[in-house]
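Peer 1: Turn this into a model:
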Amino acid sequence: QVQLVESGGGLVQAGGSLRLACAASGRTFSGYAMGWFRQAPGKEREFVIGITNGGITTYADSVKGRFTISRDNANNMVYLQMNRLKPEDTAVYYCAAARSLTAIRVQGRIDYWGQGTQVTVSS
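Peer 2: Predicted coordinates:
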């Protein structure tokens, strides 16, 4: 069992940066790939970025070059660094855990979800 709690959301101007954190509880954290999804108003939840236990990453094309993900396995933490933010990045961001890097990209294959944190980018 893994429980995920996000923090760090807020309001930022376009071009700015924001860092989200996800605290994971549970002894099996290191066995999961971790990632982030987002859901904008009126839209479906979409994959953003993911990372394996060993640090291999995968990105959605829309965030390549702007967002990075990292994890601290010793402290059961995952971070999403978002730079050069755009108004279209406005969404609720969800931390997610899945069994593989392939699975972390697919909403239906996510094993655990956080409750979400709001990110709003003003123009």
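Peer 1: Please count neighbours and contacts with C-alpha atoms only from this point.
Peer 2: Noted.
Peer 1: beta partners for the residue most central in space within the chain?
Peer 2: Closest residue to the average C-alpha location of the chain: residue 36 at 2.1 Å, with C-alpha atoms, centre = their mean. Beta-bridge pairing of residue 36 under DSSP bridges involves residue 49, residue 95.
Peer 1: and the gap between it and residue 58?
Peer 2: From residue 36 across to residue 58, the span is 11 Å (C-alpha to C-alpha, to the nearest Å).
Peer 1: Spit out the residues that contact those two alike.
Peer 2: Taking C-alpha atoms under 8 Å, 6 or more residues apart in numbering as the contact criterion, the common neighbours of residue 36 and residue 58 are 49, 50.
Peer 1: do you know how far the closest residue to residue 50 other than its chain neighbours is from residue 9?
Peer 2: Leaving out its chain neighbours, the residue that sits closest to residue 50 by C-alpha to C-alpha, 6 or more residues apart in numbering is residue 35, at 3.9 Å. Between residue 35 and residue 9 the computed distance is 16 Å (C-alpha to C-alpha).
Peer 1: Looking at these two, which is more packed in?
Peer 2: Between residue 35 and residue 9, counted using other C-alpha atoms under 10 Å, the more crowded position is residue 35 (31 against 18).
Peer 1: OK, contacts around the more buried one?
Peer 2: 48, 49, 50, 51, 69, 95, 96, 97, 104.
Peer 1: any idea which of these is closest to residue 22?
Peer 2: residue 95 (6.3 Å; C-alpha to C-alpha).
Peer 1: I figured the closest one hits residue 110, correct?
Peer 2: No - using C-alpha atoms under 8 Å, residue 95 is not in contact with residue 110, being 10.1 Å away.
Peer 1: Of the two, which one has the most company?
Peer 2: Set residue 95 next to residue 110 and count neighbours by other C-alpha under 10 Å: residue 95 wins out with 29 against 18.
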